[in-house]
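Novice: How does the following fold in three dimensions:
(one chain, ligands or ions: 1)
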Amino acid sequence: MDVKSLKAEFGKRFGGACNVFRAPGRVNLIGEHTDYNDGYVMPVAIEFDTFVACAETGDGKLSLQSLQEPKPAEFHLHESEPQPLHNWTDYVQGVLLQLKRDGQTQRGANLLVDGHVPIGAGLSSSAALEVATALALLGVSGEELDRAAIAKLCQRAENEFVGSRCGIMDQFASLYGRAGKALLLDCRSLEVRFIPIPQDVSLVICNTMVKHSIASGEYNRRRAECESAARYFAEQHSAQQHSRVEALRDVTEDDLLQYGGGLSDVLFRRTRHIVTENARVLAAAGALESGNLSAFGQLMYESHRSLKNDFEVSCPELDIMVDLAANIPGNYGSRMTGGGFGGCTINLVAKEMAEKFAEQIANDYRSATQIRPTIYITDAANGAGPAVS
Ligand code: GLA
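Specialist: Sure thing, here's the model as predicted:
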């Protein structure tokens, strides 16, 4: 629905005028599972948005509806112990709660959500909902927060209320995205460098249609494994009076060689993924800046292999999608993107070949799996803000 129609629909459902905010999903070009290890990522915001239409009321509650969901919900602002309902409304309630904890003024409001980011596809529909909600509620209270603070607040909503221990990448990309640019983000310092994406390539996203659930135990388990490996290296370093290890970001290839033998096979491989993936992101940034798309593409394939074999977050359908794409002309590189266990691959394809690529990968994947995939050809988009009609 366009913004004008959404405003009209809001008027029909709640009465009166509203403001509309939008927040995009994201696709990550390279740097997977590195964000919660204080490492590097390279996402772009995509041309799919979640919209939240919003108006203040004087009644001390938040009334919530969605164009995609049949059931409305209502939350009281002065509820002392809000409880998750284990559905989409948790992202909204989580943000509401964090704004309260942050000392932001709480005002009653009506909210109507219209989500266009595919759900469960690893394209950050949840971050888009959190960010659009935060902007809408800040709009109602008239208070200001800088973008990095909004990103962290939305991440806390997901960590503490929804129960997924995600990193900062998705919320950050949704807020900081820029048309035509990838974001090279240092997840420790939150420093960002915008890297132009050459105009002659398209980002082609291939949805395996296998739904992933990031709140599922596997994601949190990977994070716990990384923390446990980081503790091990911290002990080794402190025994040798080497520099401090606070996260796997601080572990080097030399450390892996020198101390890796003391880790279990699983923790060794998890660490090797993080160490090599961080190096790949930095190499990929250089390749993109110098327009070396073949080098960038090779790093994408290596990233996929590492996610499959060392980090073990791929699945057969993602592997098939990557293997098939590697044989199609015009494609520089492919890999799974996002948390994994399903969802999408990202492919860097010569612009003039993108339509043909999309057609062929859809046919090939369907023949191989009997599943009809959805293919999106997108460019890097701008980050969240007020939506213009
Ligand atoms: C999910 C999380 C992100 C990040 C990716 C994996 O999208 O929300 O924080 O960890 O998985 O790179």
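Novice: how about the helices in the stretch 151-300 of the chain?
Specialist: 169-176, 217-239, 253-259, 265-289, 293-309 (DSSP state H, counting those that start in this stretch).
Novice: Quick one: work out the angle between the last one and helix 265-289.
Specialist: When you say that, I think you mean helix 293-309. 170 degrees (axes from the mean of the first three to the mean of the last three Cα atoms, to 10 degrees).
Novice: pull the CA atoms of helix 293-309 into PDB?
Specialist: Output in PDB follows, covering the C-alpha atoms of helix 293-309 (Å, rounded to 0.1, in the frame of the first residue of the first chain):
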ATOM      1  CA  LEU A 293      34.200  -7.400  -8.600                       C
ATOM      2  CA  SER A 294      35.700 -10.800  -9.300                       C
ATOM      3  CA  ALA A 295      37.900 -10.600  -6.200                       C
ATOM      4  CA  PHE A 296      34.800  -9.500  -4.200                       C
ATOM      5  CA  GLY A 297      32.900 -12.500  -5.600                       C
ATOM      6  CA  GLN A 298      35.600 -15.000  -4.700                       C
ATOM      7  CA  LEU A 299      35.400 -13.700  -1.100                       C
ATOM      8  CA  MET A 300      31.700 -14.200  -1.100                       C
ATOM      9  CA  TYR A 301      32.200 -17.900  -2.100                       C
ATOM     10  CA  GLU A 302      34.800 -18.300   0.600                       C
ATOM     11  CA  SER A 303      32.500 -16.800   3.100                       C
ATOM     12  CA  HIS A 304      29.800 -19.200   2.200                       C
ATOM     13  CA  ARG A 305      32.100 -22.200   2.500                       C
ATOM     14  CA  SER A 306      33.200 -21.000   5.900                       C
ATOM     15  CA  LEU A 307      29.600 -20.500   7.100                       C
ATOM     16  CA  LYS A 308      28.700 -24.000   5.800                       C
ATOM     17  CA  ASN A 309      31.700 -25.900   7.100                       C
END
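Novice: what about the closest residue to Pro373 other than its chain neighbours, how many neighbours?
Specialist: Ranked by Cβ to Cβ, 6 or more residues apart in numbering and with sequence neighbours excluded, the top spatial neighbour of Pro373 is Tyr365, at 4.9 Å. To be clear about C-beta, it is placed using only N, CA and C from the backbone, and glycine gets the same treatment. When neighbours are defined as other Cβ atoms under 10 Å, Tyr365 has 24 of them.
Novice: dump the residue contacts of Tyr365.
Specialist: Residues near Tyr365 by Cβ atoms under 8 Å, 6 or more residues apart in numbering: 206, 208, 320-321, 324, 371, 373.
Novice: pLDDT averaged over the strand or helix carrying it - what is it?
Specialist: Using DSSP states H and E, Tyr365 sits in helix 354-369. Across helix 354-369, the average pLDDT comes to 98.
Novice: buried ones in that helix?
Specialist: 354, 357-358, 360-361, 364-365, 369 (16 or more other Cβ atoms under 10 Å).
Novice: ok, the closest residue to Ala368 other than its chain neighbours to Ile30 distance?
Specialist: Spatial nearest neighbour of Ala368, chain neighbours left out: Ile320 (5.3 Å); criterion: Cβ to Cβ, 6+ apart. With distances taken as Cβ to Cβ, to the nearest Å, Ile320 is found 20 Å from Ile30.
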